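J.: here are the coordinates; sequence isn't available:
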């Protein structure tokens, strides 16, 4: 019940902010609502297709294939494959986290998953092209050549650390309230 009270209070505060901004002649509340609807529309258009692709991955790609190319014995090539997968991820981190969980369930190594998640945040192709068009190709290449080795190194270290301690990702639990 407490959770619902907080949600209702948040929604009421949001509505009060919008009404106050409209009545005071400032239209920041209208811009916020416009942004909310634009973001919601983008999510409704993009996320279902991303989840369909994740479902197809879970059904069509055998576990032994994922273990072979992305597992703990796959070597450095798995990190390069994770960077390539992350570069083509549709939907940003909204789709990257569920896909990373699907990869984990299929036997991908934690270090490879960390690389995939980090690269999904920093080197998706559309974002990189956008960055290059505004900041220049030289800046973009320097950023990629500096950040990617650091991401791979940090991911490898974290994966080895957690593997040594027999870490396992718990499945999401459905809580009944």
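T.: The structure has been received and is ready for your questions. All values derive from a computational prediction rather than experimental measurement. Numbering: from 1, shown residues only.

J.: and whichever helix or strand residue 139 is part of, how far from the chain's centre?
T.: Following DSSP states H and E, one finds residue 139 within helix 137-164. Taking C-alpha atoms, centre = their mean, to the nearest Å, one finds the center of helix 137-164 at 16 Å from the center of the full chain.

J.: tell me what it is packed against?
T.: Packing partners of helix 137-164 (3 or more C-beta pairs under 8 Å, 6 or more residues apart in numbering; DSSP states H and E): helix 77-87, helix 110-122, helix 125-135. C-beta here means a position set from N, CA and C on the backbone, and glycine is covered the same way.

J.: residues of that helix that come out buried?
T.: By neighbour count on 16 or more other C-beta atoms under 10 Å, the buried set for helix 137-164 is 140, 143, 144, 148, 151, 152, 155, 156, 158, 159, 162.

J.: one step back: mean pLDDT and mean neighbour count added to the helices and strands packed on helix 137-164, as JSON lines?
T.: What follows is the helices and strands packed on helix 137-164, written out as JSON lines (pLDDT from 0 to 100; neighbours: other C-beta atoms under 10 Å):
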{"stretch": "helix 77-87", "mean pLDDT": "94", "mean neighbour count": "19"}
{"stretch": "helix 110-122", "mean pLDDT": "94", "mean neighbour count": "23"}
{"stretch": "helix 125-135", "mean pLDDT": "90", "mean neighbour count": "13"}
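
J.: for this protein, which helix is longest?
T.: helix 28-60 (DSSP state H).
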